[in-house]
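J.: Got a predicted structure here, sequence first:
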Amino acid sequence: MRRRTGLAMAGAAALAWGEWLNRRWSRTLVGNSGGAAEAVVVLGYRNPQATANFINRWRVRAGMRSIAADSVRATRVIFSGGATGSAAAEAQLMADYAKSVLAFDGTVLLEDESGTTWENITNVIPLLEDVDRIKIVSQPAHALKARAYLRRQRPDLAKRLVRAEDYRPGEWLVGKPLLALYGLWSLRCLKAGERKAKASP
């Protein structure tokens, strides 16, 4: 009985830790920039098949819910990701899913050349120059890495970063401890300040 109670408490602590860490990452390096023009950048995940995989479908849905209700027509959704092997580019597969399955009929732009997160950011910068707010959508750790890369490449644009809706309490609950562990590993390339600092409003 005592052992089961200990395991249950350890499991609950792991779930709470994963939830807390993903929530913190989703709120790091973002501000509260205003303005009407908005860009939602959805980062792709390796996708060797002919249709969007589970992770990319989730990222597209998170991108759709990140669009501000009062600026749907002023928002451009940018899908970013190149091809994996001989398959179509991740950007194209995500755009197809958004249009055909989610019936999204807003403005869509594709960046279909990048193969790394650094390239994602480098290649979408020309599409962000004239917007007031920038939201980057992925799993929270990956989105934080992308925001840090934008801060390194274009600190002026990084001041326009605002929070996306890629974190929701309880979503991916069981997987969040694993996502947190992987996130800690993937964010090891960031400086301490990039993991904590917030962009200026």
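T.: The structure has been received and is ready for your questions.
J.: ok, which stretches of the chain are strands?
T.: 38-43, 75-80, 107-111, 133-137 (DSSP state E).
J.: now the ones you listed in a markdown table, with distance to Ala50 and mean neighbour count?
T.: The C-beta positions use only the backbone N, C-alpha and C, and glycine is treated the same way. Below are those laid out as a markdown table (distance: least, Cβ to Cβ, whole Å; neighbours: other Cβ atoms under 10 Å):
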| stretch | distance to Ala50 | mean neighbour count |
| --- | --- | --- |
| strand 38-43 | 19 | 27 |
| strand 75-80 | 16 | 25 |
| strand 107-111 | 17 | 17 |
| strand 133-137 | 23 | 27 |
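J.: Columns mean pLDDT and distance to Val174 on top of these, output as TSV?
T.: Putting the strands of the chain into TSV (pLDDT from 0 to 100; distance: least, Cβ to Cβ, whole Å) gives the following:
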stretch	mean pLDDT	distance to Val174
strand 38-43	97	23
strand 75-80	97	28
strand 107-111	97	32
strand 133-137	98	22
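J.: Out of the ones you listed, flag the one nearest Ala88.
T.: strand 107-111 (10.7 Å; Cβ to Cβ).
J.: who does that closest one pair up with?
T.: Strand 107-111 pairs in its sheet with strand 75-80 (parallel), by DSSP bridges.
J.: And the contacts of the partner strand?
T.: If you take Cβ atoms under 8 Å, 6 or more residues apart in numbering as the criterion, strand 75-80 is touched by 37-44, 60, 63-64, 67-68, 90-92, 94-95, 98, 104, 106-112, 114, 120, 123-124, 127-128, 131.
J.: now stretch 51-62
T.: Contacts of stretch 51-62 (Cβ under 8 Å, 6+ apart): 42-45, 47, 79, 90, 93-94, 96-98, 101-102, 137-139, 164-166.
J.: Filter the residues you listed down to the buried ones, ChimeraX style.
T.: Remark: buried members of those, expressed as a ChimeraX selection using 16 or more other Cβ atoms under 10 Å:
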select :42,43,44,45,47,79,90,93,94,96,97,98,137,138,139,164,165,166
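J.: Appreciated, that's everything.
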